[in-house]
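Colleague: Here's a sequence, model it:
(one chain, ligands or ions: 2)
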Amino acid sequence: MSYKAHHERSIKDPDGFWGEQAQLIHWEKPFDKVLNYNNPPFAKWFEGGLTNLCYNAVDRHLKDRPDQIALVAVSTETNQEKTYTFKELYEEVNRMAAIYKANGIQKGDRVLIYMPMIAEACFAMLACARIGAIHSVVFGGFASHSLASRIDDAKPKLIVTAEAGARGGKAVPYKPLLDEAITLAEYKPAKVLIVNRGLTEFTTVAGRDLDYATERQKHLNDVVPVEWVDATHPSYILYTSGTTGKPKGVQRDTGGYAVALAASMKHIFTGNPGETMFCTSDIGWVVGHSYIIYAPLLSGMATIMYEGTPLRPDAGIWWELVDKYKVSVMFSAPTAVRVLKKQDPSFLTKHDLSKLRALFLAGEPLDEPTASWIHGAINKPIVDNYWQTETGWPMLAIQRGVEVMPHKFGSPGVPSFGYNMKLLDDATSEELGPDQKGVIAIEGPLPPGCMQTVWGDDKRFVSTYWETIPGKLIYSTFDWGIKDKDGYFFILGRTDDVINVAGHRLGTREIEESISSHPNISEVAVVGIEDKLKGQAAIAFVIPKDASNIATLEAECMKTVDTTLGAIARPGRVYIVTALPKTRSGKIVRRALQAVAEGRDPGDISTMDDQTVLAQIKTIIEQSAKA
Ligand code: ATP
Ligand code: MG
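Modeller: Numbering: from 1, shown residues only. Ligands and ions are numbered 1, 2, ... in the order given. The predicted structure is shown next:
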């Protein structure tokens, strides 16, 4: 079937289309109805059906592939590498679920998971799914403050953690951060389960803290029956990255998510049972939830969990793993590729990548130089795909399992099945034609797998996402884009990043692209700040490639913008910095940059790294104001 016919059917006949996709997973009791959209924008998929994510990811494979590898846990930080077959994974998940049960965790209870990339984190997530508990994974490395606000929002009975993570050869203590977060939080979890990796010393709280190894030993042979849950039962809460605003607790269902992921593996990622997927993200992000844990396992594939940087022991480590575990589907982020790009290219050609079918990249815009470089280096299709924590799986992608359409540089492709994507004028709500800039929106119902609501706040779900485009109930992505005549979308940046300079609307991303065409620019971020005269002004932060050659760099960057976009887009200042505040998935935390540039307190900055980087930038701004 052509892409066009496939997509059209998914929109015009959702019952037929998704009813078929639903056969990719196991239903303990079939659903009564594919879609209930009687109460827009709340979509209920597969109502009446009973299923379980853990059963589909693990138990279901015990019959056909019990001894096949399900999970590979590699740490180049602790030099450990361990594999688990589906049978072994089943046993570990049962032990974890038994620990939960023994501590009173029941269906619907929340379990917060604050862990590094170790196998136990995978067990912890799957064990929640097994008993119908709702997990909320918080990225390890978030500071106490961010963690505390998530504890207060999710109200977990239990927190699963490890005493430390590790990065770049150094232990990163988690336990003290967690203790501080629990002190800061109003809500107090009853229990904390700690995986002691032996990396750092830590203190425990009697009556609250449990040692995982001890508890596991008590439940070595326990079997915990699967809790069959309604398709609409929440499987997890995951907070957005918070790069533009206060993090929102995205709530996801069970049945719709399982179906969407299985369908995405077939039509977009083209992974098959028995193959291996390697997703280099972190379980703290949505990409990790979907493509490290659930999608590969649901599809009977082995998955690799990797703790470490792409550069240790050397820049060939990822490709060595691709070779060793015969990875067929790899998923990473442009930021990681940019890191590799600075290394000797021979690291990429040393290993056998013959099983690798494609490299998928998402999370932030994929610029042409990065895409061309990695394509040239590994000689595999590079598949940019665009999505959000809210959607759970790609909204835009070339769907290679349906039709291998040509890729266009700078475009994540065309709408995925089930997504009725529109480009709208944010003022008039009118649908725009080819090559006109507008807000990327999705006509409801959102397809299976997308967020059900904001955790505990249906009103916020509706007002935040569905009521921003005047006169229309339509989901806004808050991204700004353009669609060409062939239906390919291009992402121009966040709607917040559209600045209005003396009446002209400009995307900060356009200005960034212009500046990055300067040969001495390695990275750039542009934000709009308040300007008394012009309303708003663009301010740029640049990292030079050659830091010894920057005397006239500010003026040169301005000139580059003048010639490519026009003087109207010229940033008011170009600050030369050494690092930018970023989430680990590579997103620049613009609201923090903007705050610092406006002389405000950046507030709830998520990671410890960011705090240091922002302090440096603040000094640079202050010094340049004095000069
Ligand atoms: P918050 O919503 O709290 O501000 P966030 O939007 O950064 O946080 P995520 O859900 O992790 O949190 O990020 C989704 C966003 O990442 C998208 O809305 C888009 O702006 C950007 N993005 C993701 N993939 C791509 C891509 N392939 N190309 C361009 N941008 C992308
Ligand atoms: Mg967002």
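Colleague: before we move on, could you check phi and psi at Lys559?
Modeller: As for Lys559, its main-chain torsions (degrees, to the nearest 10) stand at phi -70, psi -40.
Colleague: any idea how far the top helix by length along the chain is from the chain center?
Modeller: Longest helix in the chain, counting residues (DSSP state H): helix 608-626. Helix 608-626 sits 27 Å away from the centroid of its parent chain (Cα atoms, centre = their mean, to the nearest Å).
Colleague: and it, which residues are buried?
Modeller: 609-610, 613-614, 617, 621 (16 or more other Cβ atoms under 10 Å). For glycine as for every other residue, the C-beta is placed from the backbone atoms N, C-alpha and C.
Colleague: And stretch 575-590, by the same measure?
Modeller: 575-577, 580-590.
Colleague: out of those residues, which touch ligand 1?
Modeller: Lys587 (Cβ under 6 Å from any ligand atom).
Colleague: Tell me which entries of the buried residues of stretch 575-590 lie within helices.
Modeller: Using DSSP H, the buried residues of stretch 575-590 in helices are Arg590.
Colleague: a markdown table please, covering the buried residues of stretch 575-590 and showing distance to Phe123 and pLDDT.
Modeller: As requested, the buried residues of stretch 575-590 are exported to a markdown table (distance: Cβ to Cβ, whole Å; pLDDT from 0 to 100):
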| residue | distance to Phe123 | pLDDT |
| --- | --- | --- |
| Tyr575 | 45 | 96 |
| Ile576 | 46 | 96 |
| Val577 | 41 | 95 |
| Leu580 | 35 | 92 |
| Pro581 | 33 | 89 |
| Lys582 | 29 | 85 |
| Thr583 | 25 | 76 |
| Arg584 | 22 | 69 |
| Ser585 | 23 | 69 |
| Gly586 | 28 | 75 |
| Lys587 | 28 | 81 |
| Ile588 | 33 | 85 |
| Val589 | 31 | 85 |
| Arg590 | 36 | 85 |
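Colleague: Farthest-apart pair in the buried residues of stretch 575-590, please.
Modeller: Ile576 and Ser585 (25.1 Å; Cβ to Cβ).
Colleague: who are the neighbours in contact with Asn103?
Modeller: 157-158, 190-191, 193, 210 (Cβ atoms under 8 Å, 6 or more residues apart in numbering).
Colleague: For ligand 1, see how far away the residue lying closest to Lys175 once chain neighbours are set aside is.
Modeller: Distances taken as Cβ to Cβ, 6 or more residues apart in numbering put Phe202 closest to Lys175, at 4.0 Å, once the chain neighbours are dropped. Going from Phe202 to ligand 1 by Cβ to the nearest ligand atom, to the nearest Å gives 30 Å.
Colleague: next one: Lys326
Modeller: From Lys326 to ligand 1 the distance is 27 Å (Cβ to the nearest ligand atom).
Colleague: is ligand 1 contacted by stretch 451-465?
Modeller: No. Using Cβ under 6 Å from any ligand atom, stretch 451-465 stays clear of ligand 1, coming no nearer than 9.5 Å.
Colleague: Could you pull out the buried residues of that stretch?
Modeller: Buried-residue list, stretch 451-465, by 16+ other Cβ under 10 Å: 451-455, 461-462, 464-465.
Colleague: Let's test this: mean pLDDT of that stretch, rounded?
Modeller: Mean pLDDT, stretch 451-465: 96.
Colleague: Between the two ends of it, how far is it?
Modeller: Start and end residues of stretch 451-465 are separated by 11 Å (Cα to Cα, to the nearest Å).
Colleague: cool, and stretch 151-162?
Modeller: Terminal-residue distance, stretch 151-162 (Cα to Cα): 17 Å.
Colleague: Which residues does it contact?
Modeller: 100, 103-105, 109-116, 118, 120-121, 124, 136, 140, 174-175, 178, 181-182, 185-187, 189-197, 237, 239, 249, 455-456.
Colleague: No further queries at this time; thank you.
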